[in-house]
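Engineer: need a structure here:
(one chain, ligands or ions: 1)
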Amino acid sequence: LTDTYTLSNGEKIPVVGFGTWQTPAGDVAEESVATALKAGYRHIDTAAIYGNEESVGQAIAKSGIPRDEIFVTTKLWNDAITYDDAKKAIDTSLEKLGLDYLDLYLIHWPNPKANRPNNEKRNADVWRAMEDAVEDGKIKSIGVSNFHERHLRPLLATAKIKPSVNQIYLNPSDQQKDIVKFNKENGILTEAYSPLGTGKILELPTLMEIAEKYNKSTAQIALRWSLDKGFLPLPKSVTESRIIQNAELFDFDLTMDEINILDGLDEGKLSLNPDNTDF
Ligand code: A2P
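Structural biologist: Model (predicted):
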């Protein structure tokens, strides 16, 4: 869990992150993050809209782990449209997390309903605030989430600091091959949220067969595949045994054949359309 990828700006990022989407604020979030840190996770992924930044921050503070040994990501919500909105949102997230810097800050969605059809200008404006926060030492790396090529192209054209990460919905059933390819060609690390398909892919017969061979769970096979593809999976769980299990990925390897078989599970659909989603 201390293995890292190196981002385009030279910063290191632990290869597995602990996801907290749909983890309720309060005790559940605080305890699950505490459990993850105890299990060895050193990368926590949250977002302003998850409502659990304070609980995540509490768990980090109470863990006693030095700040520079934990990688923390949070995200800019859709209600931030202008440069000033984004500046304020960054400070609010820092305050809620109780941190004086973020390791990674992402634009959560490319095309907020409140600002259609001007998403290009909005993304360029909030990006400038994010770049300035990097300059001010408040953020180390900046990136995006749920962006497709048509959203990234204009941003790449105006950005002084290139996005280092694109976090997307990605698992063996939904492989998002076009945007994964575009990310790679542009030096953008692909982070995979819902790497277990929010738990819905865990009974796929193909995963079950491979899991049996290695005496691993289907979740572990899906996560190992994600790593073997060069993605950064962000498994979410509030259950101690699963939190621990989802980190035990480094004592086995899939064969090329098995990776190819898993590659074949792609249903080729775009599960989350960034132009229609604003929740
Ligand atoms: P829970 O949080 O109740 O433990 P994803 O990361 O793809 O969004 O998936 C998260 C969902 O999958 C949650 O419902 C979580 O349940 C469940 N889950 C996480 N890890 C495992 C695992 N190792 N085995 C089975 N279910 C899991």
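
Engineer: The closest residue to Asp3 other than its chain neighbours: what's it in contact with?
Structural biologist: Spatially, and ignoring its direct neighbours in sequence, Asp3 is nearest to Val15 (4.7 Å; C-beta to C-beta, 6 or more residues apart in numbering). The C-beta positions use only the backbone N, C-alpha and C, and glycine is treated the same way. Residues in contact with Val15, defined by C-beta atoms under 8 Å, 6 or more residues apart in numbering, are 1, 3-5, 227, 232.

Engineer: go again using 10 Å as the cut-off
Structural biologist: The contact partners of Val15, by C-beta atoms under 10 Å, 6 or more residues apart in numbering, come to 1-5, 43, 189, 226-227, 230-233, 249-250.

Engineer: Check which helix or strand the residue of the chain most remote from its centre maps to.
Structural biologist: Largest separation from the mean C-alpha position in the chain: Lys213, at 29.3 Å (C-alpha atoms, centre = their mean). For Lys213, the element it lies in under DSSP states H and E is helix 205-214.

Engineer: The protein: strands as residue ranges?
Structural biologist: 4-6, 12-14, 18-19, 43-45, 71-76, 102-107, 139-145, 165-169, 189-193, 232-234 (DSSP state E).

Engineer: and the third one, average pLDDT?
Structural biologist: Average pLDDT, strand 18-19: 97.

Engineer: Start the count at 38 instead of 1 going forward.
Structural biologist: Yes, from this point I'll number from 38; that puts the last item at strand 55-56.

Engineer: who touches that strand?
Structural biologist: For strand 55-56, using C-beta under 10 Å, 6+ apart, the contacting residues are 38, 69-70, 72-74, 76, 78-83, 87, 93, 110, 204, 228-233, 270-274, 280, 283-284.

Engineer: and if you look at the first one?
Structural biologist: Contacting residues not belonging to strand 41-43 are listed as 48-52, 79-80, 108, 201-202, 226, 228, 264, 267-269 [C-beta under 10 Å, 6+ apart].

Engineer: quick one on the thing from earlier: within reach of the ligand, which of the contacts of strand 55-56 are there?
Structural biologist: 231-233, 272-274, 283 (C-beta under 6 Å from any ligand atom).

Engineer: how close does the residue nearest to Ile198 when sequence neighbours are not counted get to the ligand?
Structural biologist: Sequence neighbours aside, Glu168 is the residue nearest to Ile198 in space, at 5.0 Å (criterion: C-beta to C-beta, 6+ apart). Separation of Glu168 from the ligand (C-beta to the nearest ligand atom, to the nearest Å): 30 Å.

Engineer: got it, and Tyr142?
Structural biologist: 21 Å.

Engineer: residue contacts, the residue nearest to Ile198?
Structural biologist: Contacts of Glu168 by C-beta under 10 Å, 6+ apart are 176, 179, 196-198.

Engineer: Show me which of these are buried.
Structural biologist: 176, 179, 196, 198 (16 or more other C-beta atoms under 10 Å).

Engineer: Those: which two are farthest apart?
Structural biologist: Pairwise distances among these were taken by C-beta to C-beta; the largest, 14.0 Å, belongs to Ile176 and Ala196.

Engineer: Disregarding flanking residues, what is the spatial nearest neighbour of Ala256?
Structural biologist: Leu233 is the one closest to Ala256 (C-beta to C-beta, 6+ apart), at 5.4 Å.
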